[in-house]
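K.L.:
could you work out the structure for the sequence below:
(chains A and B)
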Amino acid sequence: MSLTDLMSMAKPNLESREKIFARLCGRNFLNCYLCIKCTSGCTALKLLELKPHEIEKLVNLGFVDELASSDIIWTCATCLKCFQRCPQKASPYHVIIALRNLAVEREAKVPEAYMKAVSQILEGGLAEQPQKVANKKMETCDREGLKLPKIRPPKESFQTVFLKALEEKPS
Amino acid sequence: MTKVGVYVCHCGLNIAGVVDVEDIANYALTLPSVAVARHYTYMCSEPGQRMIQNDIRAHKLDRIVIATCSPRMHEETFRKAVSEVGLNPYLVEIVNLREQVSWPHNEEPQRATEKAKALVRMGVARVKLLEPLERQSVSVEKNVLVIGGGIAGIQASLDLANAGLKVYLVEKAPSIGGRMAQLDKTFPTLDCSACILTPKMVDVAKHPNITLLTNSEVTKVKGFVGNYEVTILRNPRFVDEAKCVGCELCTQACPVKIPDRFNENLSQTCAISIYSPHAVPKIATINPAYCLKLKTKNKTVCGKCVQACEAKAINFDQEPEAIQLKVGGVILAVGSEVFDASRVLEFGYGRFPNVISNIEFERISDASGPTGGKILNPKSRKPPRSIAFVQCVGSRDKRFHEYCCRVGCMVSLKQTILAREKLGKKVDIYVCYNDLRAFGKGYEEFYRRARDMDINFVAGIPSDIRSTADGSLYFDVFESGTNKLLELHADLVVLANGLVPSDGISKMKELFHVLRSRDGFLLEAHPKLRPLECSTAGIFLAGACQSPKDIPDTVAQASGAAAKVIDLLSSGEIELEPLKAVVDKDLCSGCRICESLCPFVAVEMKKEEKDGKEELKAEVIEVVCQGCGLCSAACPTGAIKIEQYSNKQVLAQVAEAFPAAAHKGGSHR
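P.N.:
Here you go, the predicted model:
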């Protein structure tokens, strides 16, 4: 591709673009015609400046490297609005997840919170530890107080399977 | 001894740019029975056709193979060319080297050439087995059935009637006028829709050559091109058409209020009503689903309209009436529906009363509409301070309809202009779009006009629309020109709903065995060269039932379809294609599979005496058969076959396709 990003002098990386393409399960970023409906509704736009349509377009043009090493792809809250509402079934969400996979593959820096979530799943089977909540009367209660059943730790076999899945690199 | 001529067309560089045409011609000469083989730049051109004709005379050729584009393109051209020099036109075989070879295989020229040679070899094997066929003529009825009384049906009926043909115009609603009658103004000239449509509606009612059948529907169709037998069901109005004067005294007396369909349910009408202010015919109709007397089937109930009617026109004893017609041609003009925006959940149509569709906006803006032409909020009945239009609702959206609705952009532009003119400078108007398409004559200028009227064009589509407690609306939209997330507040949101195939279209498919394209609309015989007709002979298309259309295109297509019908019926007789199914009675077992499969109802089962026993045999009604071949493929005994596509003729081709297999002892019937 005879294309250069004059801001960073970056060149498109077509090999990585192909890799992302293969992970989209038939959802095609080429179909995006920039109606920008995804960014209009993006949960992560206001605080974290995530613009799904820009990511969609950048990947389309092959500027993958900058994205794969950026922090922005980790800001997506995976609310799936863009996936459900996209008129072209192009789904920026799938592109972002593919970029995250690429980043892990390249051993790029993954935000602390994600690593924490992984170790929590490994230990307790949950991405988040149960937290105390406040009710209308401003009393804090835990699961026991709300008479919810205790959460059992995962079976031992779960850890083996989970670790194995982590080690396996996607083809 | 059969002498075959093979002609390879270059089609400019379309074919010659990929396959080696000279090599193919040389190869053809080595095939048995081939006397002449040539290649030429444009075989369909006058010198190309003359080359074939000269060879037929000079070499006494009796079979011709032409390796060129699709037979849908020029088969008829070449048939005509050979018949001019005395050869039977059905002794020509077309080999498709363009759509089936050079276009799909343009990256592999060598293997493409090999495939082309194989196809030519197969064509030569087949052409030797072809038999001369004669075309049959049948006389035609000089009457035309037009289905659908919208602007397409009206225009086609008037053109046909003026040309002297007898027209039956069938409309399922109680009045003609269709969608156009619901519109306020029309783009790009801002003509008042009623002003230009109503005179035409009146012309239809008055024309001596047009029989207007409103409140009616087609229920049964039999026959074939030139000789269709059609049954039309006239649903009862429960009002005597000859007596009713359209005074509306009955409507004032009727106690039952029902949603007004003509006003998109934005206002109410009565169980007895006149369809619209400009209705033609202006006759009251009782809706039997709501009328107290008809609903309860109790003769003592209500009857207020009977008391009010001075003309004594009301007749509760009317029955549905079936009418039989014989017509030569049919024009389908059943139109389209407006997309139901409640399917797009994120826009809240149906949940929020201030989110309306573009057709509802038309009724609100129309002087004869529910608000008397004042643009008001449906809920608060106050003029809106800001209006937002959202484009491409249900169209260009793979979740609903992939196609462009072709009218949404222009409709919204028109409505912004109407809103600006009616509400003045103080109202804020926004259009959220992703591509604004203003493609027709005078359309771009119309877009300019809207831009000059201080309309805000926002390049971006909102993700969802939200409502505040007081019913006003707001949404976020990322504007791509400024790269900013904007929040927009609007009292009224108008969704630019697209046009979608109507129920009428699926009914037409069943009745006339016409085809639908992938988008659900009726399929034309050829998108470029035969856009006004169906592939079923004698059935023509007009208006939005073929694809979404605006008024100029609809009227143009309607006049075009009318001209095609006049062309078909003017001479009083037509020639039929002889490629029909024929039955070998000795082989037919009377299993009726062909009868059940035939989409054109062209197979009849006849009882026959044989050796003192009665046997059931299939018989093909030649004029009805379209030669589709379904029966032939399904026949378990091989008794029914299509002329020119017998097993012998087809299997000779198959054997040539796999010469190696044939040598290994593969035999064919």
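K.L.:
was I right to think B:Val218 contacts B:Lys172?
P.N.:
No. With contact defined as CB atoms under 8 Å, B:Val218 does not count as touching B:Lys172 (9.2 Å). Every residue, glycine included, has its C-beta placed from N, CA and C.
K.L.:
and these two? which has more neighbours close in?
P.N.:
B:Val218 (24 against 19; other CB atoms under 10 Å in any protein chain shown).
K.L.:
which residues sit against the helix or strand where the more buried one lies?
P.N.:
Following DSSP states H and E, one finds B:Val218 within strand B:216-224. Residues from elsewhere that reach strand B:216-224, judged by CB atoms under 8 Å, 6 or more residues apart in numbering or on different chains: B:145, B:147, B:170-172, B:228-235, B:322-323, B:326, B:507, B:511-512, B:537-538, B:600-601, B:621, B:623-624.
K.L.:
neighbouring strands - and their directions - for that strand?
P.N.:
In the sheet, strand B:216-224 lines up against strand B:227-234 (antiparallel) (DSSP bridges).
K.L.:
and the following helix or strand past the strand it pairs with, average pLDDT?
P.N.:
Next in sequence after strand B:227-234, counting helices and strands by DSSP H and E, comes helix B:249-253. Mean per-residue pLDDT for helix B:249-253: 93.
K.L.:
list the buried residues for helix B:249-253?
P.N.:
By 16 or more other CB atoms under 10 Å in any protein chain shown, the buried positions in helix B:249-253 come out as B:Cys250, B:Thr251, B:Ala253.
K.L.:
quick one: low-confidence ranges for the chain?
P.N.:
In the absence of a named chain, chain A is used. A:1, A:169-171 (pLDDT under 70).
K.L.:
you answered for a different chain; I wanted chain B.
P.N.:
Short version for chain B, where the test is pLDDT under 70: B:662-669.
K.L.:
and it, what are its domains?
P.N.:
B:4-127, B:147-229+B:322-335+B:504-573, B:249-308, B:337-500, B:581-643 (automatic domain parsing).
K.L.:
list, one by one, the residues from chain A near chain B.
P.N.:
A:31, A:33-42, A:45-46, A:51, A:53, A:81-82, A:85, A:87-89 (CB under 8 Å from any CB of the partner chain).
K.L.:
out of the residues you listed, list just those in helices.
P.N.:
Here DSSP state H is the test, and those give A:Lys37, A:Cys38, A:Thr39, A:Ser40, A:Leu45, A:Lys46, A:His53, A:Lys81, A:Cys82, A:Arg85 as lying in helices.
K.L.:
buried subset of those as a ChimeraX selection?
P.N.:
To isolate the buried members of these in ChimeraX, using 16+ other CB under 10 Å:
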select /A:37,38,39,40,45,53,81,82,85
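K.L.:
check chain B for the residue nearest chain A and tell me.
P.N.:
Chain A sits closest to B:Ser463 of chain B, with a gap of 2.1 Å, by CB to the nearest CB.
K.L.:
walk me through the domains of chain A.
P.N.:
Using automatic domain parsing, the domain parsing of chain A gives A:14-105, A:112-167.
K.L.:
B:Ala558 is nearest to which of the ones you listed?
P.N.:
Among the domains of chain A, domain A:14-105 comes nearest to B:Ala558, with 31.9 Å by CB to CB.
K.L.:
end to end, how far does the closest one reach?
P.N.:
With CA to CA, to the nearest Å as the measure, the ends of domain A:14-105 fall 17 Å from one another.
K.L.:
how about chain A: which residue is closest to chain B?
P.N.:
Nearest residue of chain A to chain B, counting by CB to the nearest CB: A:Gly41, 2.1 Å away.
K.L.:
quick check, that residue in contact with B:Arg466.
P.N.:
No. Judged on CB under 8 Å, A:Gly41 makes no contact with B:Arg466 at a distance of 10.7 Å.
K.L.:
with distance to chain A added, can I get the buried residues of helix B:249-253 in JSON lines?
P.N.:
Output for the buried residues of helix B:249-253, formatted as JSON lines (distance: CB to the nearest CB, whole Å):
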{"residue": "B:Cys250", "distance to chain A": "48"}
{"residue": "B:Thr251", "distance to chain A": "44"}
{"residue": "B:Ala253", "distance to chain A": "50"}
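K.L.:
and which of those is nearest B:Ser33?
P.N.:
Using CB to CB, these come closest to B:Ser33 at B:Thr251, 79.9 Å.
K.L.:
all strands of chain A, in order?
P.N.:
Assigned by DSSP state E, the strands in chain A fall at A:133-134, A:140-141.
K.L.:
partner strands of the last one, parallel or antiparallel?
P.N.:
I take that to be strand A:140-141. Under the criterion DSSP bridges, strand A:140-141 sits next to strand A:133-134 (antiparallel) in its sheet.
K.L.:
return the residues of the stretch 201-350 of chain B in contact with chain A.
P.N.:
B:Glu346.
K.L.:
show me the helices in the stretch 201-350 of chain B, by range?
P.N.:
Along the stretch 201-350 of chain B, the segments classed as helices by DSSP state H, counting those that start in this stretch run B:249-253, B:292-296, B:304-308.
K.L.:
report the distance from the first one to the chain centre.
P.N.:
Pointing back at helix B:249-253 there. For helix B:249-253, the separation from the chain centroid amounts to 40 Å (computed by CA atoms, centre = their mean, to the nearest Å).
K.L.:
quick one: list the elements packing against it.
P.N.:
strand B:272-273, helix B:304-308 (3 or more CB pairs under 8 Å, 6 or more residues apart in numbering or on different chains; DSSP states H and E).
K.L.:
just those: most buried one?
P.N.:
Mean neighbour count (mean count of other CB atoms under 10 Å in any protein chain shown) peaks for strand B:272-273 among those, with a mean of 26.
K.L.:
direction included, what does it pair against?
P.N.:
As assigned by DSSP bridges, strand B:272-273 forms pairs with strand B:285-286 (antiparallel).
K.L.:
other residues contacting the partner strand?
P.N.:
With CB under 8 Å, 6+ apart as the test, strand B:285-286 has contacts from B:174, B:215, B:237-239, B:271-275, B:294, B:305, B:314.
K.L.:
what residues does the helix or strand containing B:Gln49 touch?
P.N.:
Using DSSP H and E, B:Gln49 sits in helix B:46-59. Here helix B:46-59 makes contact (CB under 8 Å, 6+ apart) with B:3, B:5, B:7, B:9, B:35-36, B:38, B:40-43, B:61, B:64, B:66, B:77-78, B:81-82, B:84-87.
K.L.:
and it, how far out from the chain middle?
P.N.:
Averaging C-alpha positions (CA atoms, centre = their mean) puts helix B:46-59 40 Å from its chain's average.
K.L.:
for B:Lys115, give me its contacts.
P.N.:
With contacts defined as CB under 8 Å, 6+ apart, B:Lys115 is in contact with B:Val101, B:His105.
K.L.:
can you verify it is assigned to a strand?
P.N.:
No. Counting by DSSP: H, G, I helix; E, B strand; the rest coil, B:Lys115 falls outside a strand, being helix.
K.L.:
distance of it from B:Val4?
P.N.:
20 Å (CB to CB, to the nearest Å).
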